[in-house]
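Engineer: Predicted model, plus sequence, below.
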Protein chains: 2
Amino acid sequence: MLAFAAIPSVSTDPAYQEGMAAAAEWVSRRMKRAGLEQVQVLPTGRHPVVYGEWLHAGDAPTLLIYGHYDVQPPDPLDAWQSPPFAPTVREGRVYARGVSDDKGPMLIPILVAEAFLHSGGQLPVNVKFMFEGEEEIGSPSLAPFAAAHGELLAADFVLSADGAMWRSDLPSVIVASRGLVGLNFTVTGAAKDLHSGRHGGGIANPLHALARLVASLHDEDGRVAVEGFYSQVEELSPQERQAIQAIPFDEEQYLADVGAPALVGEPGYTLLERHWIRPTLDVNGLWGGYQGAGGKTVIPHAAHAKLTCRLVPAQDPADIAAKIAAHLEAHLPPGVDLSVEPAGPGVRAYALPRDHPGLLVAEQVLGVVDGQSPVRVRLGGTLPAAEVFLRELGVHTIFFSFSTADEDFHAPNEFFRLQRFYTGMEAWARYWTQTRNFVVVPISD
Amino acid sequence: MLAFAAIPSVSTDPAYQEGMAAAAEWVSRRMKRAGLEQVQVLPTGRHPVVYGEWLHAGDAPTLLIYGHYDVQPPDPLDAWQSPPFAPTVREGRVYARGVSDDKGPMLIPILVAEAFLHSGGQLPVNVKFMFEGEEEIGSPSLAPFAAAHGELLAADFVLSADGAMWRSDLPSVIVASRGLVGLNFTVTGAAKDLHSGRHGGGIANPLHALARLVASLHDEDGRVAVEGFYSQVEELSPQERQAIQAIPFDEEQYLADVGAPALVGEPGYTLLERHWIRPTLDVNGLWGGYQGAGGKTVIPHAAHAKLTCRLVPAQDPADIAAKIAAHLEAHLPPGVDLSVEPAGPGVRAYALPRDHPGLLVAEQVLGVVDGQSPVRVRLGGTLPAAEVFLRELGVHTIFFSFSTADEDFHAPNEFFRLQRFYTGMEAWARYWTQTRNFVVVPISD
């Protein structure tokens, strides 16, 4: 793990191109050494996929193992206690960029396969490994790659080494994540910036118009005010909502952690429900006019905003984007023009069937290795890979990661708890053994 | 004029420090050569004032002649047809940075004094010249300088060589200008930027709150919605409004010139009235969150805005700023904090008494040299110098400039019409001669 974490495989920055190639090569060598077969570094539009398999378990299910070898940029460098690509063990933790997201977790199934193959010479299940190198840049090649290699990747379901656990003190399994859709819009007034003294009072100020549009997107209580925004949303059953409400969660502690003056949001739902089962609309950036020191008395010619929505099942990203664009058009004040630009196709929300055998195995295994049954959690964020595998390969994804969300991935001093690495090894071995006994029925939704 | 315009006297940029000193020295030498007395370069906090006088006209009125020798920065350089500090004559125009604002206009009274003194040996009036070097940076030293040199500057009124005419095809005199007050405000939510997936739906988004605040500042029709904003505004008499409405002004042409889709603004007033006699509130800059390429799903921890108001007579800048701050506090949505920061003390609106003798002389002289009576115009913008002289010296300011607002000052290829330079010489000579016959009654408002 230390040698792997020492490779600077930053996918977003061309300066790390060598590190990316070296990491793919390292993973490929390590998979061969473990005894996996057909190990290949397969090209994509940008960074390659590393593939390997072992398919001699006969009628046993076939699992597609997913992970990623790319990491986030290490900046800011001076905030690191030890250099980001010089892995260091302190108090039972390994510190290095990417060690928790996702190098440590993705190594676990390789080492488990090696242990099985080097001891008994075989695995309890058929496995196909695919590790991508673009997760940290939004997996742009994943869908075309899956579409082009449908046969190679065919499996009963995906078992993902990526997808950190929610909290370090509570074993959990992810059963759903929200989708995502975004758009950018620009309001323009005069053809150029105007002097606010000479022209103020006669020409619409795009900043005022933009503010009016953004303000119109929510009602006073925090509900999204876009017509039809909630019309496809499926309400959860009382039982499902009770299950969420039963999860120990301290709203006051949460508020203190984020440092905000108050919790706000859609009435009628708890905070966790608002994070997990309700769609949201957030403006992520907004700008126009003079932003420097001092003042400049300008009526700017344009104002800009970027917004994204988190979606829940049954909401269609394209439909939601169209409804927002229609809302903006309908609420545009006089004297300005509007242009709306979609920000990609979006990602649908993802939900795992509550009785998916892969999920039941995960719950069973975690109950044994952690000594308590895991809670079913949802992600407020978005898991594009799960949605891609469902769409392109027709299979669901079980998240079975042994990093946790507090391990500062995407931040300085990222770490991975060594104890969870060993727990993960035991859990993956048990998972494969248990899965052998399941008859997996292909899913069609 | 060409030698003067060749000196790069950019007041805002310390790199031009030598040019500023050279320009003050040039003006001082030129005033001595003209025959003016007591010529001095007087220090201020930043750039000096050049002073000179001729006070041998006995009982005739004393005029304080105002202008400025500093200029705007020349950028962008590659947009200039000839270099900004290499004055070039093309088709009856001199092209150079600052030639219209204010080097050409301020040279006129020096040359007129020289003509009088070198021909007849005396002037028709007593004159004091003061040329500042900080007009383009907001005249920060002007009020303290005037306060400290009250006796030196004492005069019956100010005759300003600065203050361009409104339009090149219509002689005009300025009788009023709007005041200015600004403030900056910041809305904060959580202590740091948050992931919109993990946290969206539970924490207030400062961009939404800021948009709501900005939207609340105007009603649907474009009136300022801040309580008490209009309470001190004095309505003009029907006669005064008729005089404004009689001024030829093509709203359609104006709209085409600025390139906006429609005229908007406070109902019940013409466009010129909205520009000249009504106060306004404009947000000049607004920003927060992610503004780069692509997307970033962030709920930013802060959002910022800068706003300024144009004020009309009787509105007090401090009072208006306080009312806006109170409005923002009162309209703050839940879950965010607000901080408001004043942007300087502001400037009151300025209005010249309609029967000020200096104004009547200006109208008479322009009627002769231009062959038609000038119209009385107001400035939508702000003239800090006039307000400073009234406050510190107790005297009004007559604007008697022979540049016009279309001569691209503050922009590339600034020019000054040579014909207006000669017209200006004639007009200033006539002005002084006419003024000799006036008995000026000191003003006390």
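Structural biologist: Here it is on my side, so go on. Residues are numbered from 1 along each chain as shown, chains lettered A, B, ... in the order given.
Engineer: Is the residue in the stretch 301-445 of chain A that chain B sits nearest to in a helix, a strand, or coil?
Structural biologist: Here the stretch 301-445 of chain A gets closest to chain B at one residue, A:Gly381, 2.9 Å apart by CB to the nearest CB. Every C-beta, even on glycine, is put in place using the N, C-alpha and C of the backbone. Look at A:Gly381: counting by DSSP: H, G, I helix; E, B strand; the rest coil, its state is coil.
Engineer: and the nearest residue to it once chain neighbours are set aside, what does it touch?
Structural biologist: Closest residue to A:Gly381 apart from its sequence neighbours, by CB to CB, 6 or more residues apart in numbering or on different chains: B:Gly197 at 2.9 Å. Shown in contact with B:Gly197 (CB atoms under 8 Å, 6 or more residues apart in numbering or on different chains): A:178, A:180, A:310, A:379-382, B:297.
Engineer: Greatest separation within these: which pair is it?
Structural biologist: Using CB to CB, these span at most 12.8 Å, a distance reached by A:Leu379 and B:Thr297.
Engineer: so what's whatever residue of the stretch 201-350 of chain A ends up closest to chain B closest to, chain neighbours aside?
Structural biologist: Nearest to chain B, among the residues of the stretch 201-350 of chain A, is A:Gly259, at 2.6 Å (CB to the nearest CB). Spatial nearest neighbour of A:Gly259, excluding adjacent residues (CB to CB, 6+ apart): B:Ala191 at 2.6 Å.
Engineer: ok so, going back, just curious, which of the contacts of B:Gly197 is nearest to A:Asp78?
Structural biologist: Using CB to CB, the shortest approach to A:Asp78 within those belongs to B:Thr297, at 26.1 Å.
Engineer: ranges for the helices of chain A?
Structural biologist: With DSSP state H as the criterion, chain A has helices at A:2-5, A:17-34, A:104-119, A:142-148, A:150-153, A:196-199, A:206-216, A:238-246, A:251-258, A:271-276, A:317-331, A:357-370, A:384-393, A:418-436.
Engineer: To B:Glu392, which of those helices lies closest?
Structural biologist: Set against B:Glu392 and scored by CB to CB, these come closest in helix A:196-199, at 22.4 Å.
Engineer: and that closest one, average pLDDT?
Structural biologist: Summarised as a single mean, pLDDT over helix A:196-199 is 90.
Engineer: So what's the gap between that helix and the chain middle?
Structural biologist: Chain-centre distance of helix A:196-199: 47 Å, with CA atoms, centre = their mean, to the nearest Å.
Engineer: Could you give me the buried positions within it?
Structural biologist: For helix A:196-199, the neighbour count (16 or more other CB atoms under 10 Å in any protein chain shown) marks A:196-199 as buried.
Engineer: domains for chain A, by residue range?
Structural biologist: With domains defined by automatic domain parsing, chain A comprises A:2-177+A:349-436, A:179-227+A:279-342.
Engineer: The nearest residue to A:Gly163 once chain neighbours are set aside and B:Gln245, how far apart?
Structural biologist: Nearest non-adjacent residue to A:Gly163, counting by CB to CB, 6+ apart: A:Phe399, 3.3 Å away. To B:Gln245, A:Phe399 is 72 Å away according to CB to CB, to the nearest Å.
Engineer: Give me the more crowded residue out of these two.
Structural biologist: More crowded of A:Phe399 and B:Gln245, by other CB atoms under 10 Å in any protein chain shown: A:Phe399, with 27 against 11.
Engineer: Tell me who's in contact with that one.
Structural biologist: By CB under 8 Å, 6+ apart, the contact set of A:Phe399 is A:160, A:162-163, A:173-174, A:383, A:386.
Engineer: Widest-spaced pair of these?
Structural biologist: Farthest-apart pair in these is A:Asp162 and A:Val173; separation 14.0 Å (CB to CB).
Engineer: surely A:Trp54 meets A:Leu123?
Structural biologist: Yes - using CB atoms under 8 Å, A:Trp54 is in contact with A:Leu123, at 5.5 Å.
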